[in-house]
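Participant: Fold the following for me, if possible:
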Amino acid sequence: MIFADKLIDLRKKNGWSQEELAEKLDVSRQTISKWEGALSMPDLGRMLKLAQLFGVTTDYLIKDDQEQPECTPETEPEDGSQIRRVSMEQAVEFIHLRDAASGRIALGVLLCICCAIPLILLAGAQEAGKLAVSEEFAAGLGCLLLFLILAPAIGMFIQSGLKLHAYEFLEKEPVETAYGVDGMVRERQSRYAARHTQLLISGVILCVLCPTPLFTVITLLGEKNEWAMTMAVAALLLMVGIGVLCIVRTCVVWGTFQLLLEEEDYTRERKREERRNSTVAGIYWGVVTAVYLAYSFITGAWDHSWIVWPVAGVSYGVLESVLRVIRKNQK
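Facilitator: Take a look at the predicted model:
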């Protein structure tokens, strides 16, 4: 095993990200990335510090033919969990499955956001006299279409979850990749980086610009043109749906690389935090979903009740930060 692979292996066994290791060595993250990519080697001083940090000999780090040392107490996971090994075949299959699932998940999210559009259009058309049916018929047909759109979305989520079930451990447990996996994943990540940026920017721009149809109608026709306002609300939801589709699609793919590399949101420390937060998250999102559905069905305000989700997302981020601070103070 060459130095680059030994460095990756030892870093992951300690549960450190590239940023964390760089901070300990007083170098940049790019320097660590070059070492792990076999593009450069550390100088003697840093090699000695690496040996001290990992509890290994410099001979082991430098010489390719040296046996891998037994895992010392410092390199074992702090929570006592076992390290799962990921082979090249598993990594390639996981990337393929996540890529396919990203499209289904993103489309499912789009359908969930846009499922109320037929209900809004039918109700608006009936009120504007453009549809010669009763209010009850328009509402009933709209609700029927809503559930017909939601059903395949839920099916997509379930299908994606079942196909990826065998790899759930990547999100929850510390992993160790086989020889060559890290290099393969980084190469694919590098190739996808530009597209990731494009989709992320496009999605954010669409979400930011989503009120444009409403402002345009109000400016040109006024608020009294109810049919135009209804169409504008439908366009707003469609823009949000497409924007979120772009964001979800690319974040799922990008997250695949992070999972295999145990970086950013999937370091071992973050995995430990997620395990601790799993109960809180289940209760929190269950309550948010119940509030969203109850409010939407009782008031019929599907045109703006979607705002619950971004607010809930931001609030959950704050909740996680508070829990993290509390745990640190308890140590």
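Participant: average pLDDT for stretch 173-181?
Facilitator: Stretch 173-181 carries an average pLDDT of 82.
Participant: when you give positions from now on, start the count at 11
Facilitator: Sure, I'll start counting at 11 from here, so that last one is stretch 183-191.
Participant: Next up, the contacts around Leu58.
Facilitator: Thr68 (Cβ atoms under 8 Å, 6 or more residues apart in numbering). For glycine as for every other residue, the C-beta is placed from the backbone atoms N, C-alpha and C.
Participant: distance of it from Gly47?
Facilitator: Distance of Leu58 to Gly47, computed by Cβ to Cβ, to the nearest Å: 22 Å.
Participant: Can you say which helix or strand has the residue lying closest to Glu272 once chain neighbours are set aside in it?
Facilitator: Ranked by Cβ to Cβ, 6 or more residues apart in numbering and with sequence neighbours excluded, the top spatial neighbour of Glu272 is Lys22, at 5.6 Å. If you go by DSSP states H and E, Lys22 is part of helix 13-23.
Participant: Which elements pack onto that helix?
Facilitator: The contact analysis (3 or more Cβ pairs under 8 Å, 6 or more residues apart in numbering; DSSP states H and E) places helix 13-23 against helix 39-46, helix 68-72, strand 185-187, helix 191-219.
Participant: Show me which residues of the first one are buried.
Facilitator: Neighbour counts using 16 or more other Cβ atoms under 10 Å place 41-42, 44-46 of helix 39-46 among the buried residues.
Participant: Using TSV, lay out these together with distance to Leu132 and pLDDT.
Facilitator: As requested, the buried residues of helix 39-46 are arranged in TSV below (distance: Cβ to Cβ, whole Å; pLDDT from 0 to 100):
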residue	distance to Leu132	pLDDT
Thr41	60	90
Ile42	57	88
Lys44	59	87
Trp45	61	87
Glu46	57	85
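Participant: related to what we said a few turns ago, CA atoms only: put the helix holding Lys22 into CSV for me.
Facilitator: C-alpha atoms of helix 13-23 as CSV (Å, rounded to 0.1, in the frame of the first residue of the first chain):
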residue,chain,number,x,y,z
PHE,A,13,1.6,6.4,1.3
ALA,A,14,-1.5,8.1,-0.1
ASP,A,15,-3.7,5.1,0.7
LYS,A,16,-2.1,4.7,4.1
LEU,A,17,-2.9,8.4,4.9
ILE,A,18,-6.5,8.0,3.8
ASP,A,19,-6.9,4.8,5.8
LEU,A,20,-5.4,6.3,9.0
ARG,A,21,-7.3,9.5,8.7
LYS,A,22,-10.6,7.8,8.4
LYS,A,23,-9.9,5.4,11.3
